[in-house]
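Participant: I'd like to go over a predicted model; first the sequence, then the structure.
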Amino acid sequence: MQKGKKILIVEDEFIVANDLRMILKKHGYEVIGIASSVTQAKTIIAAEKPNWVLLDIILKGHETGIDLAFELNKLEIPFLFISANTNQGILEAVKEARPYGFLTKPFREKDLFIMLDIANERFNTENKPEEPQIKEVQHKTGKPQIIGRSQAFQEVLSQLELVAPTDTSVLLLGESGTGKEKIAQSLHQQSLRKHQPLVVVNCAAIPLSLLESELFGHEKGAFTGAQNRRIGKFELADGGTIFLDEIGELPLEAQTKLLRVLQEQEIDRVGGDLPVKINVRIIAATNRNLEQEVALGHFRLDLYYRLNIFPIAIPPLRKRTEDIEILANYFLALYATKLKKNITAFAPLALAQMQTYPWPGNIREMQHLIERTVLLAKDPVINEMIFAEHLESKLIPSDSPAQKLGSLEEIERDHILRVLESCKGKVSGQGGATEILQISSSSLYSKMKKYGIKPDFY
């Protein structure tokens, strides 16, 4: 936030408010007043017209900080919440109020100014002049091809083009299989960092014991088996972009270390003596409800707001029905060429089946379904789609011995695949495959490696 901007503090604890005022003034900010209630705040706002408001939630009187927040939105005055309340009900109300940040009390001076900078960055990004609405069906941004003409997806593309040229952190939200990695690739390729590395990290796939070494690197001899220096993912991404996929799967201990790296823009190699400065842009993605994870104590609130500067919600395929035929024809042409098959079109029945199917696995499920369909097809036109939930009954009769017999390894592999499919590829955490299978993440990854199970399989 630029110094000299007029700030109003709305806080009913005078000692807290006065300390905050002195900290801000010491660093060159103009504090136009302190209000202990919504009524008092409205009076000051009408008279002084602040540029920013720092807003507590629980205030004197009948109205709360959240009530005032909705008034500030109407007045187009940006604000940040400062509160000790982080239960789920509060967080849901906070989300509806659309603040530019949330700082949890108690906090350090450094945390305050980092949050002010983040809030200002997000405000400036959101208030850039809007680009014309994207009209093309296929939006080509370098290597990844993003396809869609539905209104829901055009909104995603508009947000992408707005934020891509900046260094603003982006949080991609959406179900598994919606194409979050493709969006991340496009963000990178439309940025000023496009000639620098894009490093992809699957946060759910790194065992906790190796997490720090994988992300931040280690020095030779740092621990048993560290025979050489290892450069971590953040250092590899220096000058470019790091994509933290499945960020919601990170354990709390790792979240704390990640937050420090994001704030300080430096990493400590395991066993290293000095920090290493880095310059990376952060793109994160998750299929979890992070507000709920914060309320449950599974995700740090300060990390959430550090990542959530510019969120982009990617709609599931069932809410993009206008795009189903376009995507299906794209994958049909792709796999017909790749598999050297003379397959040219879908029959009306096949298209109708795809339009009414709910696509629980989203675009990834469609891609795999069409690849399998093209592989099995014998005619130039695909007349009918056989979806995964019907495949077993179609290929193997229920009374067939082949359905009942198999080696233990085959049965285990098939069971793991079915569980992964039912979890939409989610490995650990609540609702993940490890919870259903009742084994540890490391054991599951070991079995997946043993049986050759990769993300492309589910």
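Facilitator: Looks like it came in fine.
Participant: What about the closest residue to residue 240 other than its chain neighbours, how many residues nearby?
Facilitator: The spatially closest residue to residue 240, leaving aside those adjacent along the chain, is residue 196, at 3.3 Å (C-beta to C-beta, 6 or more residues apart in numbering). Where C-beta positions appear, they are placed from N, C-alpha and C, glycine not excepted. The local packing of residue 196 (other C-beta atoms under 10 Å) involves 17 other residues.
Participant: Likewise for the one 5 residues further on?
Facilitator: By the criterion of other C-beta under 10 Å, residue 201 has 22 neighbours.
Participant: For residue 108, see how far away it is.
Facilitator: Distance of residue 201 to residue 108, given as C-beta to C-beta, to the nearest Å: 28 Å.
Participant: Ok, residue 376 next?
Facilitator: Counting by C-beta to C-beta, the separation of residue 376 from residue 108 is 61 Å.
Participant: More neighbours: which of these two?
Facilitator: Remark: of residue 376 and residue 108, residue 376 carries more neighbours, 11 against 8, as counted by other C-beta under 10 Å.
Participant: Would you state the helices of the stretch 251-400 of the chain in chain order?
Facilitator: With DSSP state H, counting those that start in this stretch as the criterion, the stretch 251-400 of the chain has helices at 252-264, 290-295, 301-307, 321-338, 348-356, 362-376, 388-395.
Participant: By mean pLDDT, show me the worst of those.
Facilitator: The weakest mean pLDDT among those belongs to helix 388-395, with a mean of 50.
Participant: Helix 252-264 and the helix or strand hosting residue 215, what's the angle between them?
Facilitator: Using DSSP states H and E, residue 215 maps to helix 208-216. Relative orientation of helix 208-216 and helix 252-264, computed by axes from the mean of the first three to the mean of the last three C-alpha atoms, to 10 degrees: 10 degrees.
Participant: switch to numbering from 30
Facilitator: Shifting the count to begin at 30 puts that one at helix 237-245.
Participant: Not counting its neighbours along the chain, what's nearest residue 466?
Facilitator: residue 448 (5.9 Å).
Participant: Please report the number of neighbouring residues for the residue nearest to residue 323 when sequence neighbours are not counted.
Facilitator: Nearest residue to residue 323, sequence neighbours excluded (C-beta to C-beta, 6+ apart): residue 330, at 5.0 Å. By the criterion of other C-beta under 10 Å, residue 330 has 19 neighbours.
Participant: for the one 4 residues further on, same thing?
Facilitator: Applying other C-beta under 10 Å, we find 23 other residues in the vicinity of residue 334.
Participant: Touching, it and residue 143? I think so.
Facilitator: No - here residue 334 does not reach residue 143: they are 9.9 Å apart, not a contact under C-beta atoms under 8 Å.
Participant: how far away is the spatially most central residue of the chain from residue 180?
Facilitator: Nearest to the mean C-alpha position of the chain, counting by C-alpha atoms, centre = their mean, stands residue 314 at 2.1 Å. To residue 180, residue 314 is 22 Å away according to C-beta to C-beta.
Participant: can you check residue 392 too?
Facilitator: Note on residue 392: its distance to residue 180, by C-beta to C-beta, is 17 Å.
Participant: So between these two, which is more surrounded?
Facilitator: When neighbours are counted by other C-beta under 10 Å, residue 392 comes out ahead of the other of residue 392 and residue 180, with 22 against 11.
Participant: Skip the chain neighbours and tell me the closest residue to that one.
Facilitator: Once flanking residues are discounted, residue 392 sits nearest to residue 208: 5.2 Å by C-beta to C-beta, 6+ apart.
Participant: And residue 242, by the same measure?
Facilitator: The spatially closest residue to residue 242, leaving aside those adjacent along the chain, is residue 299, at 5.3 Å (C-beta to C-beta, 6+ apart).
Participant: For that neighbour, grab the count of nearby residues.
Facilitator: The burial count for residue 299: 17, using other C-beta under 10 Å.
Participant: check contacts around it.
Facilitator: 241, 242, 245, 246, 247, 248, 251, 252, 255 (C-beta atoms under 8 Å, 6 or more residues apart in numbering).
Participant: Neighbour count for those residues - can I get that in JSON lines?
Facilitator: Below are the contacts of residue 299 laid out as JSON lines (neighbours: other C-beta atoms under 10 Å):
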{"residue": "241", "neighbour count": "21"}
{"residue": "242", "neighbour count": "18"}
{"residue": "245", "neighbour count": "25"}
{"residue": "246", "neighbour count": "23"}
{"residue": "247", "neighbour count": "23"}
{"residue": "248", "neighbour count": "15"}
{"residue": "251", "neighbour count": "17"}
{"residue": "252", "neighbour count": "11"}
{"residue": "255", "neighbour count": "15"}
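Participant: Using CSV, lay out these together with pLDDT and distance to residue 59.
Facilitator: Shown next, in CSV, are the contacts of residue 299 (pLDDT from 0 to 100; distance: C-beta to C-beta, whole Å):
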residue, pLDDT, distance to residue 59
241, 82, 42
242, 85, 46
245, 88, 39
246, 86, 43
247, 83, 46
248, 84, 47
251, 73, 48
252, 75, 51
255, 73, 52
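Participant: Looking at those, spot the one nearest residue 273.
Facilitator: Residue 273 lies nearest to residue 245 out of those, by C-beta to C-beta, at 13.2 Å.
Participant: which stretches of the stretch 30-179 of the chain form strands?
Facilitator: Along the stretch 30-179 of the chain, counting by DSSP state E, counting those that start in this stretch, strands occupy 35-39, 59-64, 81-84, 108-112, 131-133, 167-169, 174-176.
Participant: Report the rounded mean pLDDT for the fifth one.
Facilitator: Averaging the model's pLDDT scores along strand 131-133 yields 79.
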